[in-house]
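Participant: Pasting the sequence and the predicted model now:
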Amino acid sequence: MGDDFWKRCCLVPTNVIVPTKVMKDLTPKENNLNQIVPTKVVVPTNVVTPEARDAGFQAFPEQKPPGRFNFSFPKIRGKKLGFAGGGVLVVLAILALAIGVPLFAIVNSAKNLQASGLELKAAADSQDLDKINVSLAKLKTDLTGFDRSLLPLIWVKPIPFLGGYWSDANNAAEGAIAGVEAGEVLLKAIEPYSDILGFNKGKQSEDGAKTAEDRINFIVESIEGVIPQLDKVSQKTAIMNEHFAKIDPKRYPETLKGKPVREPIKRGIQLVQQAHNLITDGKPVLAQAPYLLGTKGERTYLMIFQNDKELRPTGGFITGYSIVKVKNGKFDPVASNDIYNLDNKLKSKIPAPGGIKKYLPLVPYWNLRDMNISPDFKVSMDTFRENYDKTKSPKVDGIIAIDTKLAVDILKVIGRIGVPGFGNFSSDEDPRCNCPVVIYELESFADVEGPIIWADDLGGKIILKPKNSDNRKAILGPLMNSLIANALGQPKEKIPELFQAGFNALTEKHVLFYFGDGEVQSAMESFNLAGRVEEFDGDYLHINDTNFAGAKSNLYVQEEVTLSIDTNRDGTTNTLRVKYKNPQKHDGWLNGPYRDWVRVYVPKGSKLVDSTGSEVPIETKEELGKTYFEGFFTLRPLGVIELTFKYTTPVKSKDGYKLLIQKQPGTDGHLYNVDIDGTSEEFYLKSDREIRH
């Protein structure tokens, strides 16, 4: 060790013992090593050597009094600080490039995508099949471009928060691509029917315009060829649904700059699921089309007319019926009859069930007209069919129930029609009832056509008798014949609207089907056309109203439903409020006191905690695999009544909470507000609805 080592030392502790030999400049004793003795030397400790300065050390911290906390940052030379700051800027610049450049590309791709979507919408509105195909191809190209623009940011996928948004965008893009591919296959499948469906392409009849008979024949002859194409479509929609189901709407705010954000995302996901279910569940029905249309033998159906203005469990009071024959897709003209005439053929006297006995005490027996008392259409029709067969009436292959909504919606599309012998009918509002003209005429013809007058002095001979007193519902058959004939004769521009009216009637339970053939019945149930009370692994709600001798008050009664749900590990606590309003005045004919036998179906094992509003004590019972709460109330014209039910359910939310709300057939979209743990959703219940939380 050199003699100048300690001179170079940048920092020497106070009061160190230094060898005298080494520190020769501090002591004269240096010739004899044996004589080296330790010498206490005090070395200044606040001197900074040149070597220390070169290392970046500038000065000693200021001495503080003992016992105080002493701390200070070392001073770093400007050159070092500049280097560190520059490094940070470089890192930030790299991050900006890594995120900013891909984001710019994503935004541009999104703009292209938006333009393609608008182009497709315009093509669809034009009903031009060629333009739709071109627009679909362009949309697919832009979707693929958008999906690729996401790839440079794939590195953010594992990052919390950011990764979720990247995954949502990726799933939306790939799901949409599968959806477009499904659309391409579907368009190819329906191309032969494009003229029938109202599109501007496809096989045309020789004179350039197909007759109604031509359209029916073509559908019947070729419909079986469509079924294999639906398998391909279903495979694509399954991929689409799988991707969209992974998108989490909860990641997004309720609103942004005053515009809704989360709700449209949720609605889009639901629409994708519905589209997939429509294709998948519709295939079994299409497979049964040859049976239904009578291409493999004539079919005979019993058509029953349910008056939804006098609401009953499966859609309305059974007011009339017809026997309908179908062969090769052609319906014979139908003749309708009054349900009371059919009841007169039923000789057996069946005691009325509990609900009728309790709330219609003047009706001691169970008549055919009241046999749709179960909310499950199949259960009701099992009973109806068994007793119908006892009347010695024609054997039937199935039963089709329809209500007045279908007639009103068809008339909205085709306009005013004439019914020979009965006058004109339309969907225009009639000020005499504040209801459609067709409804007023149907109710008027059935109920106020006039009395039958006998002359006692002539031995009871009838001297005045309205022409249809023997069959008040004779109008129903001719009306249906005129509707069908006019609908099939419409120009192709009207076909999409007619198709939509018919489709809505099916999905909204204004048309229901029942078949004796098990395979056909299963097909109807798969597409929710059979009016079944569904089994469901989750929370459940079905409100079923029965108008017992309450006139035609359902023409005016409005219903609003509020359901609040608190979930927990052991089940849920639900509070249900159902408000009924009748805003019309009493007229002594259509509108009168509404006498409602109400049943609320909930998951089996649910317990009623409290209730209000019912005129009778609420009873808890079980049927159809559900628990239900039964009550009764009377609502007068211009009145308001609210029922409340607080109950617990055994439903546990292991994989997330889900709720199925089933719509009562014959109703037309009651307003619902559902709140689940503080998250609310409002909608009109047009069809069965599943909610996940």
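Facilitator: Noted; the coordinates are in hand. Numbers count the residues shown, from 1 in each chain.
Participant: for the stretch 201-350 of the chain, what spans make up the helices?
Facilitator: 212-222, 227-245, 262-287, 289-292, 339-345 (DSSP state H, counting those that start in this stretch).
Participant: Out of these, which is closest to Asp397?
Facilitator: Asp397 lies closest, by C-beta to C-beta, to one member of these: helix 289-292, at 8.5 Å. Placement of C-beta: from N, CA and C, glycine included.
Participant: JSON lines for the helices of the stretch 201-350 of the chain, including mean pLDDT?
Facilitator: Output for the helices of the stretch 201-350 of the chain, formatted as JSON lines (pLDDT from 0 to 100):
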{"stretch": "helix 212-222", "mean pLDDT": "70"}
{"stretch": "helix 227-245", "mean pLDDT": "92"}
{"stretch": "helix 262-287", "mean pLDDT": "90"}
{"stretch": "helix 289-292", "mean pLDDT": "91"}
{"stretch": "helix 339-345", "mean pLDDT": "91"}
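Participant: and of those helices, who's closest to Ser149?
Facilitator: Nearest to Ser149 among the helices of the stretch 201-350 of the chain is helix 227-245 (17.1 Å), distances taken as C-beta to C-beta.
Participant: For the closest one, what is the distance to the chain centroid?
Facilitator: Relative to its chain's centre, helix 227-245 lies at 18 Å (C-alpha atoms, centre = their mean, to the nearest Å).
Participant: and Ile373, how many neighbours?
Facilitator: Ile373 is flanked by 20 other residues according to other C-beta atoms under 10 Å.
Participant: should've said Glu493
Facilitator: As a burial measure, Glu493 scores 10 neighbours (other C-beta under 10 Å).
Participant: Quickly note the distance from it to Gln127.
Facilitator: Here the criterion is C-beta to C-beta, to the nearest Å. By it, Glu493 lies 8 Å from Gln127.
Participant: any common contacting residues for the two?
Facilitator: By the contact definition C-beta atoms under 8 Å, 6 or more residues apart in numbering, Glu493 and Gln127 are jointly contacted by Gly198.
Participant: Using CSV, please lay out the helices of the stretch 201-350 of the chain together with mean neighbour count.
Facilitator: Formatted as CSV, the helices of the stretch 201-350 of the chain follow (neighbours: other C-beta atoms under 10 Å):
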stretch, mean neighbour count
helix 212-222, 15
helix 227-245, 18
helix 262-287, 17
helix 289-292, 18
helix 339-345, 16
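Participant: Show me how the chain divides into domains.
Facilitator: 1-59, 90-285, 299-525, 536-692 (automatic domain parsing).
Participant: confidence score at Asp409?
Facilitator: pLDDT for Asp409: 96.
Participant: how many neighbours does it have?
Facilitator: By the measure other C-beta under 10 Å, the count of residues near Asp409 is 19.
Participant: any idea how far Val600 is from it?
Facilitator: 29 Å.
Participant: same thing with Ala352?
Facilitator: For Ala352, the distance to Val600 equals 23 Å [C-beta to C-beta].
Participant: now do Lys309
Facilitator: Distance of Lys309 to Val600, given as C-beta to C-beta: 22 Å.
Participant: cool, Leu230 as well?
Facilitator: Using C-beta to C-beta, Leu230 is found at 38 Å from Val600.
Participant: Repeat that for Val156.
Facilitator: Using C-beta to C-beta, Val156 is found at 48 Å from Val600.
Participant: With neighbour numbers in mind, choose between these two.
Facilitator: A direct count of neighbours by other C-beta under 10 Å for Val156 and Val600 places Val600 higher, at 23 against 19.
Participant: got a list of what the more buried one touches?
Facilitator: Applying C-beta under 8 Å, 6+ apart, we find Val600 in contact with Leu541, His542, Ile543, Asn544, Leu576, Val578, Tyr628, Phe629, Glu630, Phe645.
Participant: Strands - which of those land there?
Facilitator: Residues of the contacts of Val600 located in strands (DSSP state E): Leu541, His542, Ile543, Asn544, Leu576, Val578, Tyr628, Phe629, Glu630, Phe645.
Participant: Find the pair from the residues you listed with maximum spatial separation.
Facilitator: When C-beta to C-beta is used, the two most widely separated members of these are Leu541 and Glu630, lying 15.0 Å apart.
Participant: Which of these two has more residues huddled nearby?
Facilitator: Leu541 (23 against 19).
Participant: is it true that that one touches Lys663?
Facilitator: No. If you go by C-beta atoms under 8 Å, Leu541 and Lys663 don't touch, sitting 10.4 Å apart.
Participant: what's around Phe161, how many residues?
Facilitator: Per other C-beta under 10 Å, the neighbour tally for Phe161 reads 8.
Participant: how close does it get to Thr255?
Facilitator: 20 Å.
Participant: Next: Lys492.
Facilitator: Per C-beta to C-beta, Lys492 is found 42 Å from Thr255.
Participant: quick one, which of these two is more surrounded?
Facilitator: Set side by side, Lys492 and Thr255 show more neighbours around Lys492, with 18 against 11, by other C-beta under 10 Å.
Participant: Can you dump the C-alpha atoms of stretch 679-693 in CSV for me?
Facilitator: Output in CSV follows, covering the C-alpha atoms of stretch 679-693 (Å, rounded to 0.1, in the frame of the first residue of the first chain):
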residue,chain,number,x,y,z
THR,A,679,-78.2,-2.2,-11.2
SER,A,680,-81.5,-1.5,-12.9
GLU,A,681,-82.9,-2.2,-16.3
GLU,A,682,-86.2,-1.0,-17.8
PHE,A,683,-88.0,-2.6,-20.8
TYR,A,684,-91.3,-3.6,-22.2
LEU,A,685,-91.9,-7.4,-21.9
LYS,A,686,-92.7,-8.3,-25.5
SER,A,687,-91.4,-11.9,-25.2
ASP,A,688,-89.7,-14.1,-22.6
ARG,A,689,-86.5,-12.4,-21.3
GLU,A,690,-83.4,-13.8,-19.6
ILE,A,691,-81.3,-11.4,-17.6
ARG,A,692,-77.8,-12.1,-16.3
HIS,A,693,-75.9,-10.1,-13.7
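Participant: residues of it that come out buried?
Facilitator: For stretch 679-693, the neighbour count (16 or more other C-beta atoms under 10 Å) marks Glu681, Phe683, Leu685, Asp688, Arg689, Ile691, Arg692, His693 as buried.
Participant: contacting residues around the third one?
Facilitator: So that's Leu685. Val561, Ile661, Lys663, Thr667, Gly669, His670, Leu671, Tyr672.
Participant: So for those residues, which is the shakiest by pLDDT?
Facilitator: In terms of pLDDT, Gly669 ranks lowest among the contacts of Leu685, with 93.
Participant: That one contacts Tyr684, doesn't it?
Facilitator: Yes. Using C-beta under 8 Å, Gly669 is in contact with Tyr684, at 3.9 Å.
Participant: Mind listing residues that contact stretch 610-623?
Facilitator: By C-beta under 8 Å, 6+ apart, the residues outside stretch 610-623 that reach it are 374, 598, 604, 607-608, 627-634, 641-646.
Participant: what's the average pLDDT for it?
Facilitator: 98.
Participant: Quote the end-to-end distance of it.
Facilitator: With C-alpha to C-alpha, to the nearest Å as the measure, stretch 610-623 spans 21 Å from end to end.
Participant: Could I get the buried residue list for it?
Facilitator: Using 16+ other C-beta under 10 Å as the test for burial, stretch 610-623 gives Ser611, Gly613, Ser614, Ile618.
Participant: cool, and stretch 587-600?
Facilitator: Neighbour counts over stretch 587-600 (16+ other C-beta under 10 Å) mark Leu590, Asn591, Gly592, Pro593, Tyr594, Arg595, Asp596, Trp597, Val598, Arg599, Val600 as buried.
Participant: So the third one versus Asp428, what's the distance?
Facilitator: So the one you mean is Gly592. 25 Å.
Participant: Over to the last one?
Facilitator: Val600 sits 37 Å away from Asp428, going by C-beta to C-beta.
Participant: now swap in the fifth one and tell me
Facilitator: Between Tyr594 and Asp428 the computed distance is 26 Å (C-beta to C-beta).
Participant: likewise the second one?
Facilitator: When distances are taken as C-beta to C-beta, Asn591 and Asp428 turn out to be 20 Å apart.
Participant: Quick check: which ranges of the protein have low pLDDT?
Facilitator: In the predicted model of the chain, residues 1-98, 201-213, 215-216, 446-472 satisfy pLDDT under 70.
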